[in-house]
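Q: Okay, sequence plus prediction incoming.
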Amino acid sequence: MLEPFSPREMVVEDVVIEKFYKDKVITDISFKEVDINGYVILRSNIDNKKTVVVRRIGNTTYRNVVNPQNECVSGISPRDVKQFMLLESLQDNSILMSVGLGAAGTGKSTIAIAYAIA
């Protein structure tokens with residue numbers, strides 16, 4: 001069972017993850033359970049530690065959101081995948097409003113303020 005506000009995880013074939021690391025954007029794949037601008041963690045069916053975080057940016061288009069250049073803003077770096085997804089959504093001009101949900105003390109305000117002063 002997922003904890004509240006956890007990103008969705010899906011087990012996929014290993015070649016799908018390799019494709020995302022190679023091409024960054026995949027246009028011929030669809031996970032119906034993911035809303036547009038929704039994030040999902042794809043986990044390899046062969047190696048449980050092999051993952052990629054992707055965001056749905058169209059009907060059948062997904063983008064690998066891991067970008068090492070965007071990991072530090074105003075000296076603050078995301079500490080987990082949830083903080084990383086919040087920062088990535090704040091940095092994307094195509095997303096008009098980002099909402100961070102989660103328990104107190106998880107870094108939502110810290111990431112938002114770091115982005116705002118950058």
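A: Yep, that arrived.

Q: Quick check: the residue sitting furthest away from the middle of the chain vs residue 75, distance?
A: Within the chain, residue 117 marks the point farthest from the mean C-alpha position, 22.1 Å out by C-alpha atoms, centre = their mean. Distance, residue 117 to residue 75, using C-beta to C-beta, to the nearest Å: 10 Å. Every C-beta, even on glycine, is put in place using the N, C-alpha and C of the backbone.

Q: circling back: pLDDT at the residue farthest from the centre of the chain, what is it?
A: Per-residue pLDDT puts residue 117 at 92.

Q: Name the SS class of residue 88, please.
A: helix (DSSP: H, G, I helix; E, B strand; the rest coil).

Q: Over to residue 22?
A: Under three-state DSSP, residue 22 falls in the helix class.

Q: Give me the neighbour count for it.
A: Look at residue 22: counted by other C-beta atoms under 10 Å, it has 9 neighbours.

Q: where exactly do the helices run in this structure?
A: Here the chain has its helices, by DSSP state H, at 14-23, 81-91, 108-117.
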